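Visitor: Model the structure of this input:
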Amino acid sequence: MPSRAVSVLTLVRGRDEHLRNLMRGLARQSLAPLELVIAWMQPDVAPDLPDPGCPVRHLHVPGEPMPLAAARNRAAAAAQGERLIFLDVDCIPGPNLVAAYAEIQTEALLLGEVLYLPEGAVGPNLDDAALDRLGQVHPARPPVPTVGSRLELNPMELWGLSFALPAEAYARIGGMDEAFTGYGAEETDFAVRLAASGLSTHWIAGARAYHQHHPVHVPPLHHFEPILRNAARFHARHGRWCMEYWLGQFREAGFIAWDPDGTMIERLATPSPAEIAAARQPGTCLFS
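Guide: This next block holds a predicted model:
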């Protein structure tokens, strides 16, 4: 598939410098995409954006809580590529990411590798060797193949940081469910519905991205309300839970009663601002 058939899509709220690094990463691609589509979940476009080496299209998608599903849907509807690459604003694409996603012949949901960077890892000039040396694989992620692709039987392995799929498949199932608002579950629900439509999921080699550091909370109490709401919606639709790791953290901290084999989440307490602040981890912590 030629680069002119591939669009890169990203969503932004309050991550202006991370976006600039994403765009710098796009500018050095071995195969340039057709376009970059940016869905702004904030009133204004950030100033001083660098040239990503392809046309840029800007959309505004307002809403509270954060309208992640709606922003992805608007970006997908506006994109002109036959294949859509969704790249989280926190991610810097490795120089072969677009080529890896564009050139594979499999018509599937494609998942690429993401390495997590420590605080201060990204300087004014992107250094692939340094990013490779400093980046860490998330302990919950399976290894990616070194060549080609590998079938993934569990579509819930999709995380929204870096993935690609045919634009036709995205439109055919109606995109992401905009009833999921705020953080969590919308991309997992999307992947499960894609699999039910007959689209397979594959890990692919070569589509490496680097996740730029930002503060994390353990447990993620700053997303407490949307995680509970979206987890309940996912279970009501699919008869199983997602985000079990975070639900388990909430349970261990005494905020909820929850049985992974059950059908309900019982709220026991609501985190206070002080408890949310205390859950914020130091810059050495990469994973929530």
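Visitor: I figured residue 137 hits residue 208, correct?
Guide: No: applying C-beta atoms under 8 Å as the test, residue 137 and residue 208 come out as separate, 10.6 Å apart. C-betas here are computed from N, CA, C, even on glycine.
Visitor: Tell me where the stretch 1-150 of the chain is predicted with low confidence.
Guide: 1-4 (pLDDT under 70).
Visitor: what about the strands in it?
Guide: For the stretch 1-150 of the chain, applying DSSP state E, counting those that start in this stretch gives strands covering 6-12, 35-40, 56-60, 83-87, 91-93, 109-111, 114-116, 136-137, 149-152.
Visitor: which helix of this protein spans the most residues?
Guide: helix 224-238 (DSSP state H).
Visitor: What residues of it count as buried?
Guide: The neighbour-count check on helix 224-238 (16 or more other C-beta atoms under 10 Å) flags 224, 226, 227, 228, 229, 230, 231, 233, 234, 235 as buried.
Visitor: list the helices and strands it packs on?
Guide: Contacts defined by 3 or more C-beta pairs under 8 Å, 6 or more residues apart in numbering; DSSP states H and E place helix 224-238 against helix 186-196, helix 244-252, strand 265-267.
Visitor: Averaged pLDDT, it. What do you get?
Guide: Regarding helix 224-238, the rounded mean pLDDT is 95.
Visitor: ok, residues contacting it?
Guide: 65, 179-186, 188-189, 192, 220, 240-243, 246-247, 250, 255-256, 263, 265, 267, 270-271, 276 (C-beta atoms under 8 Å, 6 or more residues apart in numbering).
Visitor: send the alpha carbons of it over as CSV?
Guide: In CSV, the C-alpha atoms belonging to helix 224-238 read as follows (Å, rounded to 0.1, in the frame of the first residue of the first chain):
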residue,chain,number,x,y,z
PHE,A,224,-11.8,6.9,38.9
GLU,A,225,-15.3,8.0,37.7
PRO,A,226,-14.9,7.2,33.9
ILE,A,227,-13.2,3.9,34.6
LEU,A,228,-16.1,2.7,36.7
ARG,A,229,-18.7,4.0,34.3
ASN,A,230,-17.0,2.7,31.2
ALA,A,231,-16.1,-0.7,32.7
ALA,A,232,-19.8,-1.2,33.7
ARG,A,233,-20.9,-0.3,30.1
PHE,A,234,-18.4,-2.7,28.6
HIS,A,235,-19.5,-5.5,30.9
ALA,A,236,-23.2,-4.9,30.1
ARG,A,237,-22.5,-5.2,26.4
HIS,A,238,-19.9,-8.0,26.3
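Visitor: how far off helix 186-196 does that helix point, in degrees?
Guide: 10 degrees (axes from the mean of the first three to the mean of the last three C-alpha atoms, to 10 degrees).
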